[in-house]
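>>> Next input, structure requested:
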Amino acid sequence: QVQLVESGGGLVQAGGSLRLSCAASGNILVINVGGWYRQTPGKQRELVAQITSSGTTNYADFVKGRFTISRDNAKNTVSLQMNSLKPEDTAVYYCNANEAKVGSRWYYNNWGQGTQVTVSS
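Down below sits the predicted model:
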């Protein structure tokens, strides 16, 4: 099985920074696309940023220029550096691995438990 564990959430003032990390465990050989999503009460989960195994990135318009996603394939980690945070960035942030290979088996649409990010004004 694939387990994703997020860390790094917390409370920060507007304009501040946080770094989220996601560690994947389970003898994972490959993660194709790693990503971060966020969700606020009453709203659908939305994409924040994605990164492919080759390093190609994709960002939601509302974080472009402020957030940076990165990954370490050897350690199976995906990180999200969040700068210039705004109150509207307040949400639960979830790590996602769309396809992960463990041994000869693929696991799809894998999610972490989420980490709360709160930005005060």
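>>> Mind listing what's buried along the top strand by length along the chain?
Within the chain, and with DSSP state E defining each element, the longest strand by residue count is strand 91-102. By neighbour count on 16 or more other CB atoms under 10 Å, the buried set for strand 91-102 is 91-97, 100. Backbone N, C-alpha and C define where each C-beta goes, glycine included.
>>> try stretch 33-50
Judged by neighbour count (16+ other CB under 10 Å), stretch 33-50 contains these buried residues: 33-38, 45, 48-50.
>>> just to revisit the earlier point, which one of the buried residues of strand 91-102 sits closest to G55?
Nearest to G55 among the buried residues of strand 91-102 is A97, at 15.6 Å by CB to CB.
>>> Just want to check the distance between the closest one and L85.
Applying CB to CB, to the nearest Å, the value for A97 to L85 is 25 Å.
>>> I figured R45 hits W36, correct?
No. Counting by CB atoms under 8 Å, R45 does not reach W36; the two are 10.6 Å apart.
>>> For the two, list the residues in contact with both.
Jointly contacting R45 and W36 under the rule CB atoms under 8 Å, 6 or more residues apart in numbering are Y94.
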